[in-house]
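In: Any chance you could fold what I've pasted below:
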Amino acid sequence: MDTDFRVTGRNAASLFALTIHRCDGMVLLGMDWKNGRPPIDFVGFAIQYREPGTDFFKTVHNRIGFPGQPVPEDGIRTTEAPIQKFRWVHFPFNADLPGKFTYRVTPKFMGAAGALTSGEAQEAELALMRETIPGKLNVAFTRGFVSSQAFVRNFAADEPTIITLVPPDGDQGLDFVPTHADAQRALAWMGFEARAETLALLDRARESGAEVRAIAYDLNLPEVVTRLEALGDKLKIIIDDSDRTEGHGRPNSPETRAAERLIASAGAANVKRQHMANLQHQKSIAVRGGTSTVLYGSTNLSWRGLYVQSNNSLAVHSDKAIEDYFTAFESYFTAKRAEDFRDSPSSAGWIDLGLDGVDAKVAFSPHSDANGRLDEIGADIDTAESSVFFSLAFLGQMTKGAIGPALGRALERPDMHVMGIADAEVRAGNLGLAVLTPDNRRRVVRASALTGNVPPPFLTEPSGLAGVDGNQRGTRMHHKFVVLDFDKPTARVYLGSYNFSEPADDENGENLVLVRDRTVATSYMIEALRMYDHYIFRVASEANDGAARPLELKRPPQPGGTPWFERDWTDPIRARDRALFSRAE
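Out: Predicted coordinates:
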């Protein structure tokens, strides 16, 4: 049955089944052969889409072609170089268009002479850009695509680094002015819906004279700080002042300078510096008045948070959610030490977000030992029935808590499909990413991959930006979310500023949101899968010895040979992957 988050192809004459899963600004296409295996001459899928309000189909391009096939700079149309995968995440360049996109997927076959023919296509349509659950909540992502071929080809072909768009060091953030020739278009593309949601929320608050409460960890983005200044004394804000990691408490840090500016505009009584027992790690904004909204998630109000990293925001529209946030904010604001907040009702446990028909709740840290959420989440991971998807910055902090071991147990279960990425140390002082695959293997890739030994026809991608201490820490993945059983009625997702670690539970100021809803869970699942596919390719590229060899599609095999799709049927994990995303339960 088609839903607002999943549609299916209806062509009974087609040899394959198509299911399209909706994310915010992107889709996951899942394909599977209806009866047995494809014929030996099947060479992949052509993918086309029609944007809302248009009467023609655009064709998705492939970066690789068949042996001897010339590859233009912008790739080859998949009608000529089909996608040799049974799932594909598509993120249209103009994903922000309102209305429904129509997707057409066509099986392609190759004869002995090398000519391509088409089978019966499947089509389905759905909206990409709309509120996730209209009037109640909206999931918003940054693109997180700085280390990507799309970014290089659209904005960095003549500028191999990104310092014309983003400051090379966070300390320069409040004074930095982009010099890129197409800066506004590039930044809107990079920040995508998370940027649009954040800036629009602050603009609406100023226009309506609404009260605003905000808690900021990183705060160095001029377009945010100037909007906060424009709120005057309607703003009350807490800004982290910890001296650990980022050094927010330094006299000349961007956070200290932003606080001084906001004291001038909002008044000293409305600005608080604080770090609980460790960090005031929230990145949240609440507006009371007009369209009352609370913004949760992992997206820092910084250049890196919106324009470099993969991040998410969750906008919640609920009067109850606003009142509960304002109450928690005051408990933070008046707390003289972490114990004061732990003793407040806001720290006691889950608080319902007040969304009619949607099971959603929030918890605020730091918690007392009796009210901690970490063990509960670990136990919930153990109850997952079909799948676990995750994208977790700072997984290294979780070795002493319940989450790392729970993910390890899930990876060991033969009936469980587990896919995710987390941070990892490549060498001293340098962060990379660990890609955890369904076969329970851990592969490490640098945060700035495809910078050497790049397989043709791919291009070198921008390198990492320096951290506050000048080293190449360059964190690109900053999400904190876990998705359980996205394909079942019990689907749920944990998200927020919360790093799923003991410090997040009992030391830091954090928010943790739990939403039990398939629409929301599907959005986060696709984001996890998008990132997984993005980095697993870079893992494979880094693993190559010697000079990089051109990547090529496979032609139909000679007699006795194996087709490109052989492992998708003989490898039980790949077969499960194929079935998981193409079925429409």
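
In: Just the element for Gln184, please.
Out: Using DSSP states H and E, Gln184 sits in helix 183-208.

In: by contact count, what packs against that helix?
Out: Judged by 3 or more C-beta pairs under 8 Å, 6 or more residues apart in numbering; DSSP states H and E, helix 183-208 is in contact with strand 137-141, helix 149-155, helix 222-230, strand 284-288, strand 293-297, helix 303-307, strand 312-316. C-beta: built from backbone N, CA, C; applies to glycine.

In: Show which residues not belonging to the fifth one make contact with it.
Out: When you say that, I think you mean strand 293-297. 140, 194, 197-198, 201, 283-287, 311-318, 321-322, 325, 362, 495-497, 511, 513 (C-beta atoms under 8 Å, 6 or more residues apart in numbering).

In: Now find how far off-centre stretch 264-275 is within its chain.
Out: 32 Å (C-alpha atoms, centre = their mean, to the nearest Å).

In: ok, residues contacting that stretch?
Out: 228-242, 248-249, 256, 259, 262-263, 280, 332-333, 335, 509.

In: Sketch out the low-pLDDT regions of the stretch 101-250 of the chain for me.
Out: 145-161, 244-246 (pLDDT under 70).

In: how far does stretch 121-137 sit from the chain's center?
Out: Counting by C-alpha atoms, centre = their mean, stretch 121-137 comes out at 18 Å from the chain centroid.

In: Quick check: buried residues in the helix holding Gln184?
Out: Of the residues in helix 183-208, 186-187, 189-195, 197-199, 201-202, 205-206 count as buried by neighbour count, 16 or more other C-beta atoms under 10 Å.

In: got the angle between it and strand 137-141?
Out: On the basis of axes from the mean of the first three to the mean of the last three C-alpha atoms, to 10 degrees, helix 183-208 is oriented at 150 degrees to strand 137-141.

In: Give me the angle between helix 183-208 and strand 312-316.
Out: Using the same axes, to 10 degrees: helix 183-208 against strand 312-316 is 20 degrees.

In: now helix 183-208, how far from the chain's geometric center?
Out: Between the centre of helix 183-208 and the centre of its chain there are 17 Å (C-alpha atoms, centre = their mean).

In: Please shift the residue numbers so they start at 50 in all later answers.
Out: In the new numbering, first residue 50, that becomes helix 232-257.

In: which residues touch the following helix or strand past it?
Out: Following helix 232-257 in sequence order, the next helix or strand is strand 260-265 (DSSP H and E). Contacts to strand 260-265, defined as C-beta under 8 Å, 6+ apart, come from residues 251, 254, 277, 280, 283-289, 304, 307, 329, 331-338, 349-350, 374-375, 378, 381, 558.

In: now do the same end-to-end measure for stretch 349-367.
Out: 22 Å (C-alpha to C-alpha, to the nearest Å).

In: pLDDT on that stretch, on average?
Out: Per-residue pLDDT values over stretch 349-367 give a mean of 95.

In: what's the offset of it from the middle of its chain?
Out: For stretch 349-367, the distance to the chain centre is 10 Å (C-alpha atoms, centre = their mean).

In: which two in the buried residues of helix 232-257 are spaced the farthest apart?
Out: Across the buried residues of helix 232-257, the longest distance by C-beta to C-beta is 26.4 Å; it joins Ala235 and Ala254.

In: before we move on, the earlier item: also compute the angle for the helix holding Gln233 relative to strand 260-265, please.
Out: Using the same axes, to 10 degrees: helix 232-257 against strand 260-265 is 140 degrees.

In: thinking again about what came up before, out of the contacts of strand 260-265, which are buried?
Out: Here, 16+ other C-beta under 10 Å leaves 251, 254, 277, 280, 283-289, 304, 307, 329, 331-337, 349-350, 374-375, 378, 381, 558 buried among the contacts of strand 260-265.

In: Give the next helix or strand downstream of the helix or strand containing Ile430.
Out: Per DSSP H and E: Ile430 is located in helix 423-432. Next in sequence after helix 423-432, counting helices and strands by DSSP H and E, comes strand 436-441.

In: So which residues make contact with that next one?
Out: 359, 430, 447, 452, 456, 459, 465-472, 526, 528-536, 548-549, 573-574, 576-578, 580-581, 629.

In: quick one: which of those sit in strands?
Out: The members of these that map onto strands under DSSP state E are His466, Val467, Met468, Gly469, Ile470, Ala471, Asp472, Lys529, Phe530, Val531, Val532, Leu533.

In: Reformat those residues as CSV; add distance to Glu174, pLDDT and neighbour count.
Out: As requested, the ones in strands among the contacts of strand 436-441 are arranged in CSV below (distance: C-beta to C-beta, whole Å; pLDDT from 0 to 100; neighbours: other C-beta atoms under 10 Å):
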residue, distance to Glu174, pLDDT, neighbour count
His466, 28, 94, 20
Val467, 32, 93, 22
Met468, 27, 89, 24
Gly469, 30, 87, 26
Ile470, 31, 84, 28
Ala471, 35, 80, 22
Asp472, 38, 71, 20
Lys529, 33, 95, 26
Phe530, 28, 97, 25
Val531, 31, 97, 26
Val532, 25, 98, 28
Leu533, 29, 98, 25
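
In: now, the most widely separated pair of these?
Out: Largest pairwise distance in the ones in strands among the contacts of strand 436-441, by C-beta to C-beta, is 22.2 Å, between His466 and Asp472.
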